[in-house]
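# predicted model follows, preceded by the sequence.
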Amino acid sequence: MAKYVLYHTEGCHLCEQAYELMLQLIPSEEFELIDIVSDEALMAAYQTSIPVMKRCSDEEAIYWPFDQQKIQQLVE
């Protein structure tokens with residue numbers, strides 16, 4: 001089961017940057033990519049703020065712009 005989620009959409013260069021940052025700190029099997037285009041509720045919630053990284057255990061989220069330090073704080 002994924003510990004983290006990255007809300008994104010295809011073709012989003014900021015989302016690609018966030019994904020690369022996550023890969024540097026979190027093993028890929030510990031996070032799930034969710035494309036918000038496939039869900040109306042996610043589109044309504046995140047369309048103006050993607051990429052968004054969320055910790056599954058408590059729903060704590062960080063919104064772009066974030067860096068490795070913010071990801072590390074979310075992971076700890």
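Sure, I can see it. Residues are numbered from 1 along each chain as shown.
# only C-alpha atoms from now on, for both contacts and neighbour counts.
Fine.
# how many neighbours does Ile71 have?
Counted with other Cα atoms under 10 Å, residues neighbouring Ile71 total 21.
# residues in contact with it?
Shown in contact with Ile71 (Cα atoms under 8 Å, 6 or more residues apart in numbering): 22, 25, 62.
# present those as JSON lines; the columns should include distance to Glu76 and pLDDT.
JSON lines is the format used below for the contacts of Ile71 (distance: Cα to Cα, whole Å; pLDDT from 0 to 100):
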{"residue": "Met22", "distance to Glu76": "14", "pLDDT": "97"}
{"residue": "Leu25", "distance to Glu76": "11", "pLDDT": "96"}
{"residue": "Ile62", "distance to Glu76": "13", "pLDDT": "98"}
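# could you look up the SS state of the closest residue to Glu32 other than its chain neighbours?
Spatial nearest neighbour of Glu32, chain neighbours left out: Val5 (4.8 Å); criterion: Cα to Cα, 6 or more residues apart in numbering. Assigned by DSSP: H, G, I helix; E, B strand; the rest coil, the conformation of Val5 is strand.
# from Asp39, how far out is Val5?
From Val5 across to Asp39, the span is 15 Å (Cα to Cα, to the nearest Å).
# next secondary structure element downstream of the longest helix seen in the chain?
The helix that spans the most residues within the chain, counting by DSSP state H, is helix 13-25. Beyond helix 13-25 on the C-terminal side, the first helix or strand identified by DSSP states H and E is strand 31-35.
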